[in-house]
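Asker: predicted model follows, preceded by the sequence.
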Amino acid sequence: MQKLQVTSYKLQVTFFAFCFLLSCSALFGQTKTVKNETKTVEVEGMWQVANITPEKARLLAIERAKANALEEAGIETFIDVKTLTVTGLVEHFISLSNSEIIGEITAIKYLKDEPEVINGLVFWKIEIRADVKINNVKYDAEFKARIDDVATTYNEGDELYFSITPTKDCYVHIFWFDDAGNGAILYPNKYEPMQQLKSKIENKFPQVKYGTYPFEKTTKEEIESNNLVFVFTKKEIPYLIAKDGSTTLEDLYQWIIKIPSDQRFTLQEAVMIGKKEK
């Protein structure tokens, strides 16, 4: 039996992409302009390193910088930074990323990315130069998919099986992220090449006969929080960023912002992994 491993990755995370969860398509509220154009802006964002790790402070500083970039380009935004977990950010992203996009950050250059002490307090400071594309591309409200048979809780060693039924012919990339933001591409993989999903047809995963997606814990935590992220596209768009099957939310950000909002649809399933039953 071929095992297609599902691992809760706990690698060092690059938090650049978390702002994607809130800016690529989640940060867009009312707009001051809908003309198709690209503006280049330079902005900064800061977050105090207090009661959180430096990594999380960096994450929130990036979110703030990207929000400032959108506002500087003329797009009114909003940010929900009350949740500091990857699961919370992914949920927020998924709930808003399928709405109409009226602006998006298409390129970013970091000008400053480091801690800074101000009046005896430590902040993480981000300075960026960002290209902001302003458009009025509406999403396809008829492009949806249903995911069945994903449970909310598993034990280490359990196997993941599920099915996907899309409303239109499409392709899907399935990503796996742990609660530190690290992850992998679950599908496609070397055993399961990309295949088109037919409209209104149930597609079972794993697609390989006798294949399995076994869960494995990599930390000593009693329960690990993890997220499956499904990105559906009308055309086959290869994901070429990943190295050795692993990826980060930064990678996902760089890839997905290049896909028009009317050509993609995203879903998320949050799962918990407990210790293996004796």
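Answerer: Arrived safely, thanks for sending.
Asker: I'd say Val172 and Val229 touch.
Answerer: No. Proximity of Val172 to Val229 does not meet the contact threshold set by Cβ atoms under 8 Å, at 10.5 Å. Heads up, the C-betas are built off the backbone N, CA and C, glycines and all.
Asker: for the protein, just list every one of the helices.
Answerer: All helices of the chain, identified by DSSP state H, fall at 18-23, 54-72, 86-97, 249-256.
Asker: buried ones in the longest one, by neighbour count?
Answerer: In other words, helix 54-72. The neighbour-count check on helix 54-72 (16 or more other Cβ atoms under 10 Å) flags 56-71 as buried.
Asker: from these, which is closest to Lys138?
Answerer: Using Cβ to Cβ, the shortest approach to Lys138 within these belongs to Leu70, at 18.5 Å.
Asker: I'd say the closest one and Lys133 touch.
Answerer: No. In this structure Leu70 lies outside contact range of Lys133 using Cβ under 8 Å: 10.6 Å.
Asker: which segments of this structure make up each domain?
Answerer: The chain breaks down by automatic domain parsing into domains covering 6-13+140-274, 15-137.
Asker: any chance of these in CSV, with mean pLDDT too?
Answerer: Below are those laid out as CSV (pLDDT from 0 to 100):
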stretch, mean pLDDT
domain 6-13+140-274, 84
domain 15-137, 73
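Asker: count the residues that sit near the closest residue to Asp148 other than its chain neighbours.
Answerer: Excluding the flanking residues, the one nearest Asp148 by Cβ to Cβ, 6 or more residues apart in numbering is Ser163, at 4.8 Å. The tally of other residues near Ser163 (other Cβ atoms under 10 Å) stands at 14.
Asker: spit out the contact partners of Ser163.
Answerer: Ile147, Asp148, Asp149, Glu202, Asn203, Lys204, Phe205 (Cβ atoms under 8 Å, 6 or more residues apart in numbering).
Asker: neighbours around the second one, how many?
Answerer: Asp148 sits with 11 neighbouring residues when counted by other Cβ under 10 Å.
Asker: that one contacts Thr165, correct?
Answerer: Yes. Using Cβ under 8 Å, Asp148 is in contact with Thr165, at 7.4 Å.
Asker: shared neighbours of the two, which are they?
Answerer: Applying Cβ under 8 Å, 6+ apart, one finds that Asp148 and Thr165 are jointly contacted by Glu202.
Asker: state the distance from the closest residue to Lys234 other than its chain neighbours to Phe232.
Answerer: Leaving aside its chain neighbours, Lys234 sits nearest to Gln263 (5.0 Å; criterion: Cβ to Cβ, 6+ apart). Distance, Gln263 to Phe232, using Cβ to Cβ, to the nearest Å: 9 Å.
Asker: which of the two has more neighbours?
Answerer: Per other Cβ under 10 Å, whichever of Gln263 and Phe232 has more neighbours is Phe232, with 22 against 16.
Asker: contacting residues around the more buried one?
Answerer: Neighbour list for Phe232: Phe143, Ala145, Pro166, Cys170, Tyr171, Val172, Leu197, Arg264, Phe265, Thr266, Leu267 [criterion: Cβ under 8 Å, 6+ apart].
Asker: can you tell me which of these end up in strands?
Answerer: Ala145, Pro166, Tyr171, Val172, Arg264, Phe265, Thr266, Leu267 (DSSP state E).
Asker: widest-spaced pair of those residues?
Answerer: Tyr171 and Leu267, at 13.9 Å, using Cβ to Cβ across those.
Asker: check the gap between the residue nearest to Asp148 and Ile62 for me.
Answerer: For Ser163 relative to Ile62 (Cβ to Cβ), the value is 36 Å.
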